[in-house]
Each structure stands twice: as structure tokens, then as C-alpha cells.
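S.K.: The sequence and its predicted three-dimensional model are supplied below.
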Amino acid sequence: MAGRRNRNRKKEEYFFDYTLLFIVLFLLGFGLVMLYSTSSYEAALDYGDSAYYLKKQLLSTALGIGCMIFVASRDYHVWEKFAVLGYIVAVVMILMVLSPLGHEVKGARRWLRVGPLSLQPAEIAKLAMILFLAVLVCKMGKGIRTWKGFGLAVGSAIPICLLIWQVTNNLSSAIIIGGIAVLMVFVAAPDYKRFIGLAAIVCAVAALAVFLIVNNAKAQSEAAAADGITQAEEGIQSDAGFRGDRIIAWLDPEKYASDEGFQTLQALYAIGSGNIFGKGLGRSMQKLGFLPEAQNDMIFSIICEELGLFGALSIMLLFIILIWRFMVIANNASDLFGALLVVGVLGHIAIQVILNIAVVTNTIPNTGISLPFISYGGTSILFLLSEIGLVLSVSKGIRLNDVG
């Protein structure tokens with residue numbers, strides 16, 4: 001009898017979420033297919049090789065899967081000792097963008113480049129923030145429920161958010177990291193009043209910023225009209241900079257179709273032309289030079305055009321199931337540290353998916369954010385798969401009888 005109990009106990013220690021793994025692998029495979037379909041025309045023109053982007057993404061995906069297997073095979077508690085180091089490394093690498101190693105692509109200096117290798121520090125910062133906050137909240141214990149603890153936990157994300165925003169000019173990644181921090185703290189100390197107040201402040205500041213930018217743009221247009229300058233001559237440039245221009249274009253993309261609204265308008269054309277079942281895989285028209293950077297931020301619009309509403313909803317459903325699996329693992333994790341790691345990864349992927357789809361459909365201003373597992377991006381896929389490895393490692397510590 002004792003031997004039978006020991007065998008049962010040993011079996012319970014090796015729970016593994018195969019549903020989560022299958023969904024991730026399917027999204028990776030689907031992403032590679034869509035990436036080739038989306039980028040082949042542009043790659044052939046620019047590099048003379050229609051599979052140029054596909055080959056680079058395949059290499060990053062293979063490395064990412066290797067990282068996922070390595071991380072998943074280790075006890076996730078091993079990474080606790082690297083929390084502070086990871087935070088410091090993230091800060092240093094963000095600052096290194098200002099050094100000669102910093103690499104600029106299409107006007108954005110967000111990468112570090114050493115020889116043929118390039119790395120985006122913002123992706124490192126997301127994983128580092130998840131690990132650091134999980135350790136910090138666990139060490140604070142009940143102190144996280146106090147105002148001081150709440151402020152310390154949420155405030156720990158502010159330096160990295162500000163650095164990413166100001167140094168790399170990457171507001172979207174700063175928003176994601178801030179969202180990850182708020183979600184992890186909320187799970188640890190779900191005081192609704194604090195978070196409702198915080199959300200109200202953020203919404204008020206955002207609404208005020210939009211109001212001031214729009215009023216400033218109207219004043220500039222009226223002044224230009226008084227001087228006899230047409231809208232086409234004036235252009236979209238405002239005193240608020242390119243982010244202000246994006247907000248103005250978001251409110252009326254057709255008016256600024258030749259400027260900041262061009263990409264958004266082309267994405268909407270792609271979505272609208274897809275109908276229910278799409279034009280068919282590989283038959284997109286917008287990817288033929290009409291939609292800039294289609295393989296990056298706007299790949300969801302090509303999915304809608306080629307696979308229609310059915311394809312778009314299917315991908316959204318897969319992401320919903322993925323998030324559900326994260327919730328199951330977090331709810332059944334053997335300790336708070338494991339649960340917080342999973343919640344951090346959940347927040348990262350969920351926020352990024354929501355923002356990407358919202359940008360493509362013009363629900364929010366264009367922020368330049370990729371679709372997880374599907375958009376082109378080597379650093380992104382590498383660290384996303386490392387995060388999945390963490391989640392799988394947490395799932396292995398769950399007893400089969402405890403899974404709800």
C-alpha cells in the first residue's frame with residue numbers, strides 16, 4: 001500500500017499542460033505561414049529572396065523553443081536569485097541604446113546591434129519586470145496590502161517604464177510593462193478602490209491629453225487657413241510631435257490619409273475586403289506595397305483580408321483559450337511566487353494582443369505593437385517562448401488531483 005501511495009504521489013508531481021503547449025505551437029506554426037504570406041512580396045523586392053523574413057523568424061523560433069524547453073525543465077524557484085540582477089540588466093541595456101551599440105530602424109532607435117545580432121531591450125525588460133515583481137511581492141507578504149507596499153510595488157515599474165518611453169521612444173512597451181505591474185499587484189492585493197482610483201486618474205490624464213492635442217491642432221488649422229495655407233500644404237505636423245499627430249489621425253484617418261493615417265486606413269481596407277471567409281491564403285492585395293510594415297504591427301489586418309472574419313475570430317479564440325489556461329495554472333499553482341509569474345505572463349500576452357487588435361481596427365491610436373507569436377520579431381519570439389517555459393515549469397508543480 002505504501003508503495004502504491006508513493007507511485008501516486010510521484011505521478012501527481014509531473015502534471016504538464018499539453019493544451020497550453022499545443023496552442024503555443026499552433027500559433028507559432030500559423031504565424032510562420034502568415035509571415036511568409038505577408039512578407040514574401042516585400043522581401044523579394046528588398047532582398048531578392050521571398051523567404052528572407054521567414055528564414056530569420058524560423059531561426060528565432062528555433063532558439064525560442066530551445067529556451068522554452070530549457071526553462072520549462074528547471075524548477076521555477078531557481079530564477080528567484082536572478083530577480084534583482086535581471087532588473088539591473090534591463091535598465092543598463094535600455095541605456096545602452098544611447099551608446100554606439102544602439103541601432104536605429106526607420107527612425108526608431110530601440111535596438112542594440114552587435115555584428116549580425118540585434119536585440120530589443122524592451123522585450124528583456126518585460127520578462128525582468130515579471131520576475132522582479134513576483135519576488136518583491138512575495139517578500140513583502142501582507143505588506144503589499146498597505147498603501148506603502150502598494151506604492152512600492154507599482155512604483156518599481158516606473159523607472160523602467162520611463163526609460164523605455166524616453167530613451168527608446170517606445171510608449172507601447174512602457175504601457176505594457178505598467179499594465180503587467182498593475183495586474184500582478186492587483187492579484188496579490190485585490191483592493192478595488194485603489195485600482196478604480198488609479199484607472200480614473202489614468203483615463204482623466206489621457207482624455208485631457210487628447211483634448212489639448214485636438215484643440216491645438218484645430219487652432220493651427222485655423223491659423224493656417226487665415227494665412228491662406230491649404231490643409232495639404234500645412235500637413236499634419238503639430239506642436240505635440242508624432243504621437244500627437246497619431247492621435248489626430250486616429251480621430252479622422254481619411255483626412256490625413258497621406259500622412260499618419262495612411263497605414264491605419266490601408267489596414268481598415270484590408271479588414272473590410274476580407275468579408276466572412278477572406279480572399280484566400282496568399283491572395284491579399286494590401287500586402288503588395290500598399291500597407292507599410294504589414295509583417296510587423298499590421299499582420300492581423302492581412303489575416304482578416306486573407307482568412308476573413310472566420311480566421312480572425314479563430315485566432316482570437318485561440319488567444320482566449322491560451323489566457324484561460326494561464327488562469328487555470330495560476331489558480332492551482334503550488335505557491336504565490338509561481339502564481340504571480342503566470343499572472344505576469346498572462347498580463348503581458350493579453351495586454352499586447354488587445355492593444356495590437358485595437359490599433360489595427362483603429363479603436364485606439366497607432367502605438368506600433370506586435371501580435372504575440374505571429375508578428376515578425378526575433379527578440380519578441382525569443383522572450384515570449386521563455387515566458388511560456390516559465391508557465392510550463394509552474395504547471396509541473398501542480399498536483400493532478402488539485403487541478404480545477
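M.R.: Noted; the coordinates are in hand.
S.K.: Grab the longest strand from this protein for me.
M.R.: Secondary structure of the chain per DSSP state E: the longest strand is strand 108-114.
S.K.: strands paired with the helix or strand that that one is followed by, and their directions?
M.R.: Toward the C-terminus, strand 108-114 is succeeded by strand 117-119 as the next helix or strand (DSSP states H and E). Strand 117-119 pairs in its sheet with strand 108-114 (antiparallel), by DSSP bridges.
S.K.: How far away from the center of its chain is the partner strand?
M.R.: 18 Å (CA atoms, centre = their mean, to the nearest Å).
S.K.: Please export the C-alpha coordinates of the longest strand of the chain as CSV.
M.R.: Extracted in CSV, the C-alpha atoms of strand 108-114 (Å, rounded to 0.1, in the frame of the first residue of the first chain):
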residue,chain,number,x,y,z
ALA,A,108,13.2,54.5,-34.1
ARG,A,109,16.3,53.8,-32.0
ARG,A,110,15.1,50.8,-30.0
TRP,A,111,17.7,48.1,-30.7
LEU,A,112,21.1,47.0,-29.7
ARG,A,113,23.3,45.6,-32.5
VAL,A,114,26.5,43.6,-32.2
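S.K.: Can you give me the buried ones in that strand?
M.R.: Neighbour-count burial for strand 108-114, with 16 or more other CB atoms under 10 Å as criterion, is recorded at Arg110, Trp111, Leu112. Every C-beta, even on glycine, is put in place using the N, C-alpha and C of the backbone.
S.K.: Identify the residues contacting the last one.
M.R.: Okay, so that is Leu112. Residues counted as contacts of Leu112 (CB atoms under 8 Å, 6 or more residues apart in numbering) are Met93, Met96, Val97, Leu101, Gly102, His103, Ser118, Leu119, Gln120, Pro121.
S.K.: Quick one: buried ones out of the residues you listed?
M.R.: Among the contacts of Leu112, those buried by neighbour count (16+ other CB under 10 Å) are Met93, Val97, Gly102, His103, Leu119, Gln120, Pro121.
S.K.: For the second one, list the residues it contacts.
M.R.: Val97 makes contacts with Arg109, Arg110, Trp111, Leu112, Pro121, Val167, Thr168, as judged by CB under 8 Å, 6+ apart.
S.K.: of all those, which comes closest to Pro253?
M.R.: Among these, Arg110 lies closest to Pro253 (CB to CB), at 24.7 Å.
S.K.: And the nearest residue to that closest one once chain neighbours are set aside, how far from Gln263?
M.R.: Of all residues not flanking Arg110 in the chain, Thr168 sits nearest, at 4.4 Å (CB to CB, 6 or more residues apart in numbering). Distance from Thr168 to Gln263, counting by CB to CB, to the nearest Å: 20 Å.
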